[in-house]
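> what follows is a predicted protein model with its sequence.
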Number of protein chains: 2
Amino acid sequence: VAPGSLLALDLGGTQVRAAAVSPEGVVTGVRRAQTPVADGPRAIEAACVRLLRGVASEVPVVAAVGISSAGPVDPWRGVVTDPPNLGPVFRDVPLASVVEEALGVPTFLDRDTQLAAVGEGTLGAARGSRDFIYVTISTGLGGAVVSGGRLLRGPDGTAGELGHLTVDLDGPACGCGARGHLEAIASGRAIASAGEAAARSGASPLLAARLEATGTAGSLSARDVAEASDAGDAAAGAILERAFEAFAAAAVSLVDVFNPERIVVGGSLAEAMPERFFEPARAAIAAHAFRDPGRRVRIVRAALGPDVSLVGAAVAAAVRAGIAREIGLAPDFEGADLDPGGA
Amino acid sequence: VAPGSLLALDLGGTQVRAAAVSPEGVVTGVRRAQTPVADGPRAIEAACVRLLRGVASEVPVVAAVGISSAGPVDPWRGVVTDPPNLGPVFRDVPLASVVEEALGVPTFLDRDTQLAAVGEGTLGAARGSRDFIYVTISTGLGGAVVSGGRLLRGPDGTAGELGHLTVDLDGPACGCGARGHLEAIASGRAIASAGEAAARSGASPLLAARLEATGTAGSLSARDVAEASDAGDAAAGAILERAFEAFAAAAVSLVDVFNPERIVVGGSLAEAMPERFFEPARAAIAAHAFRDPGRRVRIVRAALGPDVSLVGAAVAAAVRAGIAREIGLAPDFEGADLDPGGA
């Protein structure tokens, strides 16, 4: 008899989602709400609790709750520490404790990308691998690293922020203030922002027309840039080529620095990209990475789609609550590898 | 009664050194020879064995031998796989087996920078830390990463090659063929090479005069560039500033990606650098790294000097041979963390 259901919550800058997750990774009963960023931390906490209570009301017993949050977080204390996208006063919020008290169920919290790596490593594209990298490319660009079967954490739990690899010293400013980070060139936000600049400078006639049609600053998307490129717009094409080039250069660095078996690429922008997005990276690795790691590594698409952090949060919660085996979940990471208390 | 002495060998592209190392990290009886690169792998093997036999003849009993080699290496099989600086036919050489058979003593081999990290982590500037990065800046630029008390290895044992972090997509070519790797901007070779280009283009009158005085291509050194900068040569100053800037950008990335407590910087070029070399990196971390890891990390100088890899090789050999405790060496890494068989 299963001891109960696993619930998962995914807290992002625009949306909160809660759901039940089966030991096979099937997500059901999804409830969602806009993240009430403007209303402050208490409103965000209340939205999380409300959604989870809704999901809990539809399952017999809840065994554990896993929370995936935008980073940075402290996974040991279950605290969302210093997130850039949850409003200026959302700082050092002990969300795991808040949920645990409200629902009366063991609750564990970790960064969304760390949990996505847990999901892909146990039930997705990196299943069975003890050395892989997860990269997510959507509005932002983030990641996580599993080396020797362990999630890299560091003493603050913030390790794995691959969006902040510098790839272009003189490049565009990143959200963190540094120049030329991977996120500042190859993320959806970066591509859209470069597209808007090309529209305003007149370099891209197609994007200028698109911008004029909407009339709103910030209205262009990475998809607009991709469509303009497909329609033959040279400036839009150059923006995408630069993003591909930055990703390829970072991929070589990742191979030389981490020696991974796989680089798993997920996120909405990566999912929308054609296979040729990956070709410059594969070619650069073949040409420039160290011989043996370059031959070994495979760049593959993520398998779990937009629910990846929910699945990973449920898996991690089961492992950290000590019930993974009991409920028939056999993660390829050992318990100690997920439990930050074991680090 | 101690069960015997620890011997260490350091195989580099220009020189081979062998010595005895005490459990306190004191290096004695050093013997050295030019690396006979032109004479091929067998001659290099013979030089290694000869030097070690010489050191062994002066100690009572040898308990274990640790070999530090230029990378990449396979630390499990004790094989130097694909080194760029040991000649074109030195490939996949099982040096640990060769030495073990010749001396009849358990012998272990690892990459020089991995062993330097072991040395600094057990007896040097990172003593007691479970999360630190070692960077060596001399002719080349290399590194190693310890995360959660474990040396990052990867399935081929090549992880930690921090010289191949891309920092400038459009930058100068690296030895590996990629553009703008950290090693291609901030290593001694890179600084000297940029100095020579500035001399030839006329941008640097002082370096042009220096080059003319020697008359030999490749004769300028990073030290020449530093001296020209100190003497007011603007082009030489710009080359150094660029190296500082590249190191600073990489340091921010290292903090965000690894969340280390310390970044230990060693190598002959770093040792010769004034403290201001580190200031741009500290300032960049304070300005741009994630809050908590940025506050935590310290950039410190390596403590063990040019013998660091010999010390690390001896420590690793003692741990891997299972005699570390017996001989009074209490490494802060556990045995499993050094033994690649445990990964």
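Cool, got the structure.
> any idea how far A:Ala46 lies from B:Leu152?
Taking CB to CB, to the nearest Å as the measure, A:Ala46 and B:Leu152 are separated by 41 Å. Quick note: C-beta positions are derived from backbone N, CA and C, even for glycine.
> more neighbours, those two?
B:Leu152 (28 against 14; other CB atoms under 10 Å in any protein chain shown).
> pretty sure the more buried one contacts B:Thr158?
No - applying CB atoms under 8 Å, one finds B:Leu152 not in contact with B:Thr158, separated by 9.9 Å.
> and the stretch 51-200 of chain A, which of its residues are near chain B?
Contacts of the stretch 51-200 of chain A with chain B, taken as CB under 8 Å from any CB of the partner chain, map to A:72, A:74, A:81-82, A:130-131, A:145, A:147-148, A:150, A:152-162, A:164-171, A:174, A:176-181.
> please repeat the previous calculation with a cut-off of 7 Å.
Proximity of the stretch 51-200 of chain A to chain B, by CB under 7 Å from any CB of the partner chain, involves residues A:72, A:81-82, A:131, A:147-148, A:150, A:152-156, A:158-162, A:164-169, A:176-178.
> looking at this, A:Glu212 is in a strand?
No - counting by DSSP: H, G, I helix; E, B strand; the rest coil, A:Glu212 is not part of a strand but helix.
> how many other residues sit next to it?
A count of neighbours around A:Glu212, defined by other CB under 10 Å, yields 9.
> kindly report the same for A:Ala47.
20.
> nearest residue to the middle of chain A?
For chain A, the residue nearest the mean C-alpha position is A:Thr113 (3.8 Å; CA atoms, centre = their mean).
> which of the residues of the stretch 51-200 of chain A next to chain B count as buried?
The neighbour-count test (16 or more other CB atoms under 10 Å in any protein chain shown) applied to those identifies A:72, A:81-82, A:131, A:147-148, A:150, A:152-156, A:158-162, A:164-169, A:176, A:178 as buried.
> list the contacts of the residue in the stretch 201-343 of chain A that chain B sits nearest to.
Relative to chain B, the nearest point of the stretch 201-343 of chain A is A:Asn259 (2.4 Å; CB to the nearest CB). Listed by CB atoms under 7 Å, 6 or more residues apart in numbering or on different chains, the contact set of A:Asn259 reads A:131, A:293, B:154-156, B:158-159.
> dump the residues you listed into CSV; add pLDDT as well.
As requested, the contacts of A:Asn259 are exported to CSV (pLDDT from 0 to 100):
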residue, pLDDT
A:Asp131, 95
A:Pro293, 97
B:Gly154, 95
B:Pro155, 94
B:Asp156, 95
B:Thr158, 94
B:Ala159, 96
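> among these, which two are most distant?
Using CB to CB, the pair of the contacts of A:Asn259 lying farthest apart is A:Asp131 and B:Thr158, separated by 11.1 Å.
> do a quick rundown of the strands in the stretch 201-343 of chain A.
Ranges of strands in the stretch 201-343 of chain A, per DSSP state E, counting those that start in this stretch, are A:262-266, A:298-301.
> dump the ones you listed into JSON lines; add mean neighbour count and distance to chain B as well.
Formatted as JSON lines, those follow (neighbours: other CB atoms under 10 Å in any protein chain shown; distance: least, CB to the nearest CB, whole Å):
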{"stretch": "strand A:262-266", "mean neighbour count": "27", "distance to chain B": "11"}
{"stretch": "strand A:298-301", "mean neighbour count": "17", "distance to chain B": "12"}
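> pLDDT score for the residue nearest to A:Ala249 when sequence neighbours are not counted?
What sits nearest to A:Ala249 in space, not counting adjacent residues and going by CB to CB, 6 or more residues apart in numbering or on different chains, is B:Thr166, at 4.1 Å. The predicted structure scores B:Thr166 at 98 on the pLDDT scale.
> I'd say B:Thr166 and A:Ala250 touch.
Yes - with contacts defined as CB atoms under 7 Å, B:Thr166 counts as touching A:Ala250 at a distance of 6.3 Å.
> overlap in contacts of these two?
A:Val167.
> ok, A:Thr14 - contacts?
Residues touching A:Thr14, when contacts are defined by CB under 7 Å, 6+ apart, comprise A:34-35.
> the same query, at a cut-off of 10 Å, please.
Under the criterion of CB atoms under 10 Å, 6 or more residues apart in numbering or on different chains, the contact partners of A:Thr14 comprise A:34-35, A:37, A:70, A:85, A:139.
> could you do A:Ser204 as well?
With CB under 10 Å, 6+ apart as the criterion, the residues that contact A:Ser204 are A:194-198, A:210-211, A:220, A:224-225, A:228-229, A:233-239.
> check the gap between it and A:Ala116 for me.
From A:Ser204 across to A:Ala116, the span is 33 Å (CB to CB).
> cool, and A:Glu183?
Applying CB to CB to A:Glu183 and A:Ala116 gives a distance of 16 Å.
> the residue nearest to A:Ala249 against B:Gly180, yeah?
Yes - counting by CB atoms under 10 Å, B:Thr166 does reach B:Gly180; the two are 5.7 Å apart.
> overlap in contacts of these two?
With contacts taken as CB under 10 Å, 6+ apart, B:Thr166 and B:Gly180 have A:166-169, A:249, B:174 as neighbours in common.
> show me those that map onto strands.
Secondary structure assignment by DSSP state E places none of these in strands.
> got those as JSON lines, with distance to B:Leu11 columns?
Below are those laid out as JSON lines (distance: CB to CB, whole Å):
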{"residue": "A:Thr166", "distance to B:Leu11": "32"}
{"residue": "A:Val167", "distance to B:Leu11": "33"}
{"residue": "A:Asp168", "distance to B:Leu11": "36"}
{"residue": "A:Leu169", "distance to B:Leu11": "34"}
{"residue": "A:Ala249", "distance to B:Leu11": "31"}
{"residue": "B:Cys174", "distance to B:Leu11": "23"}
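> closest to B:Asp10 among the residues you listed?
B:Asp10 lies nearest to B:Cys174 out of the shared contacts of B:Thr166 and B:Gly180, by CB to CB, at 24.1 Å.
> next, the contact list for the closest one, please.
Taking CB under 10 Å, 6+ apart as the definition of contact, the neighbours of B:Cys174 are A:252, A:288, B:141, B:163-164, B:166, B:180-185, B:187, B:190.
> next one: phi and psi at it?
Reported as degrees, to the nearest 10, the phi and psi values for B:Cys174 are phi -90, psi 160.
> again with the one 4 residues further on
Listed backbone geometry of B:Ala178 is phi -80, psi 170, with angles given as degrees, to the nearest 10.
> you'd agree it is up against B:Val167?
No - contact status for B:Ala178 versus B:Val167: not in contact, 11.0 Å apart, counting by CB under 10 Å.
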